[in-house]
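Peer 1: this one's sequence-less:
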């Protein structure tokens, strides 16, 4: 019985074209792909070092935000107002009136959420709408006397919390924290020097 020779199947291509030749570098695993499936991007030999989770800046800022808001939430709940509603009312004390789009940017509240908040505050008589001078299609928002009265009621409780926080953190660190957080957004918008 004759032994059949093994080799390329009849009709098979003689070999890869020059521009599709398999990688023969030491890092290449069998099959022409470095350590995995052919055609898939491969990780470098030495993985990038990811900083410890305890040094995650977004998480530290989020955790700090939650810690600070725990100081103020009881006051807001006591007066029947949410964090975002309070943010809107506080922002409206800085200008006689503002457009809704500007208010959303100022308070970092999304458009859909802002619509619901404004509807609630208006129903409670805390804000009011008025047409833009010269353009009735544009609406401007302002805080009402009732809204200012609510802020005046909450303000003493809020300031006591601020003083309590400053006592625990320290006046110097508190001032430094204000300065750093004020500068941080502008500094991060700058392109790093190459």
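Peer 2: Good, I have the coordinates. Quantities reported herein were computed from a predicted structural model and do not represent experimental measurements.

Peer 1: CA only for contacts and neighbour counts going forward, please
Peer 2: OK.

Peer 1: Which residues outside the helix or strand encompassing residue 60 are in contact with it?
Peer 2: If you go by DSSP states H and E, residue 60 is part of helix 57-78. Applying C-alpha atoms under 8 Å, 6 or more residues apart in numbering, the contact partners of helix 57-78 are 54, 82-83, 86, 154, 157-158, 161.

Peer 1: List the buried residues in it.
Peer 2: Residues of helix 57-78 classed as buried by neighbour count (16 or more other C-alpha atoms under 10 Å): 75-76.

Peer 1: Please state the offset of that helix from the chain centre?
Peer 2: 15 Å (C-alpha atoms, centre = their mean, to the nearest Å).

Peer 1: quick one, the helix or strand following that helix and helix 57-78 angle?
Peer 2: Per DSSP H and E, helix 57-78 leads on to helix 83-92 as the next helix or strand towards the C-terminus. Counting by axes from the mean of the first three to the mean of the last three C-alpha atoms, to 10 degrees, helix 83-92 lies at 90 degrees to helix 57-78.

Peer 1: Tell me which other helices or strands helix 83-92 touches.
Peer 2: Here helix 83-92 touches helix 57-78, helix 100-107, helix 111-123, strand 135-143, helix 145-169, going by 3 or more C-alpha pairs under 8 Å, 6 or more residues apart in numbering; DSSP states H and E.

Peer 1: Comparing those by mean pLDDT, which bottoms out?
Peer 2: Comparing mean pLDDT across these, the weakest is strand 135-143, with a mean of 90.
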